[in-house]
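Student: need coordinates for the below:
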Amino acid sequence: MQAYRTQIVLFDSREYKWAGNTSMWAKASGNSTTKEDVIEFVTSPNNPDALLNQPVVGGSSAILDHAYFWPHFTHIPAPSDADVMLFTTSKLSGHASSRFGWALIRDEKVAKRVNDYMMQNTMGASRDTQLRMLSIFKAILANLHGKEDIFAFGHDVMRAKWRKLSAVVSRSRRISLQNIPPQYCTYFDKIREPSPAYAWVKCEREEDSDCSDVLLKAKIITRSGVWNDASSRYTRISLIKSQDDFDLLLERITEFVDAELTADGSNSM
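Tutor: Here you go, the predicted structure:
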C-alpha cells in the first residue's frame, strides 16, 4: 500500500492520482461499482495478513500483485488468470538484490506500452541479470515435485516458523495473530497448513494502542500497521528473515508472553 502511494505521488502525473484504499473507497461511495476510470492494485496474497484478495471495485481495471503467490507462502487455489499480473524473484527464490520481476499482460497494446516505458526508464533489465535468473529458473523447474523442490522446502521452513510462533502467542491474551485455516493447494494436491511470510499482530488491551511500540519495548522490531492503512493497534512481524533472526524473535516473544502471564498471576493473587 505504502509503496504504491509513494510512487504515484512521486510521479505526480496529470493523468491519475492516488485515491486511497479501495475497500474504504467503496464503503465511502456507498457501492462497489464505478463508472470512473479506476486502476485497482490488488495484493494477493496481501502483505501483511496473507489474504488472497480479489478486486472490490466493479468496473475497475485491476493489477494483481502476486509477489507472494507461491506455494511456500500460500495455498494456490487455481491458476491466476487476471488481465495484468506482477511477479518477482524476490519472494520466489529470495534473490531480491537481482531486482528482477516480470508481468503477464493479456492486452498486447498494454504490454507494448509497458515495454516502451521500461526501455525509456531503465533501458530494460540487465542481460547479466536475465541470464543469472534463467539458470535459477531452470534449476527450480527441474526439481519441481522432486527431492529438492524449492516450494516443498520453503513451505516446510515457513510452516515450522508459523507453528512455533502460533504456539507461543496462543498463550497470550495481550496479543493475537491473524487466523489462517489449512486450505487445499493445487500445487501440493492436498490440504496444506499455513506458512505466511508475515505475522499480523494485534494488541488486544485497550491501553496498548501502539502495538509496534509495545513490542519494541520488549526488543521486538516490527512494522506498524499504519504503514498499511490499518490501525496502530496492529503491527507486522517478518518471518522471512534468517533462522537465527527467527530464533531470537521467538525467544523475545516467549519472554514477552511469560512476563504477561507472570504479571497476570501476581495481580490475581
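
Student: need the helices for the stretch 1-150 of the chain, in chain order.
Tutor: For the stretch 1-150 of the chain, the helices defined by DSSP state H, counting those that start in this stretch occupy 2-11, 22-29, 89-92, 108-122, 127-142, 150-169.

Student: what's the most buried one of the ones you listed?
Tutor: The highest mean neighbour count among the helices of the stretch 1-150 of the chain, using mean count of other CB atoms under 10 Å, belongs to helix 89-92: a mean of 21. Placement of C-beta: from N, CA and C, glycine included.

Student: list the contacts of that helix.
Tutor: 67-68, 70, 73, 95-96, 98, 100-101, 133, 136, 140, 197, 240 (CB atoms under 8 Å, 6 or more residues apart in numbering).

Student: same question for stretch 172-189.
Tutor: Contacts of stretch 172-189 (CB under 8 Å, 6+ apart): 49-50, 71, 75-79, 151-152, 155, 162, 165-166, 169, 190-194, 196, 199-205, 208, 211, 215, 256-257, 260-261, 264.

Student: how does it look with 6 Å?
Tutor: 49-50, 71, 75-76, 169, 191-194, 199-205, 257, 260 (CB atoms under 6 Å, 6 or more residues apart in numbering).

Student: same deal with stretch 212-229?
Tutor: 1-2, 21, 203, 208, 231-232, 234-237, 252, 256.

Student: likewise stretch 138-158?
Tutor: Here stretch 138-158 has contacts from Pro71, His72, Ser195, using CB under 6 Å, 6+ apart.

Student: tell me the one of these nearest Leu248?
Tutor: Taking CB to CB as the measure, Leu248 lies nearest Ser195 of these, at 20.0 Å.

Student: element containing the closest one, please.
Tutor: Remark: Ser195 resides in no helix or strand, with elements defined by DSSP states H and E.

Student: show me what contacts it?
Tutor: With CB under 6 Å, 6+ apart, Ser195 has these contacts: His155, Met158, Arg159, Trp162.

Student: Serialize the residues you listed to a markdown table and add fields for distance to Thr186.
Tutor: Formatted as a markdown table, these follow (distance: CB to CB, whole Å):
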| residue | distance to Thr186 |
| --- | --- |
| His155 | 14 |
| Met158 | 18 |
| Arg159 | 18 |
| Trp162 | 21 |
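
Student: how is this protein divided into domains?
Tutor: 2-142, 150-264 (automatic domain parsing).

Student: of the ones you listed, flag the one that's most buried.
Tutor: Most buried among the domains of the chain, counting by mean count of other CB under 10 Å: domain 150-264, with a mean of 16.

Student: circling back: in helices, which of the contacts of stretch 212-229 fall?
Tutor: Gln2, Arg252, Phe256 (DSSP state H).

Student: just list whatever residues bridge to the nearest residue to Thr222 once chain neighbours are set aside.
Tutor: Closest residue to Thr222 in three dimensions, ignoring its sequence neighbours and counting by CB to CB, 6 or more residues apart in numbering: Thr235, at 4.1 Å. Counting by DSSP bridges, Thr235 is bridged to Val201, Ser224.
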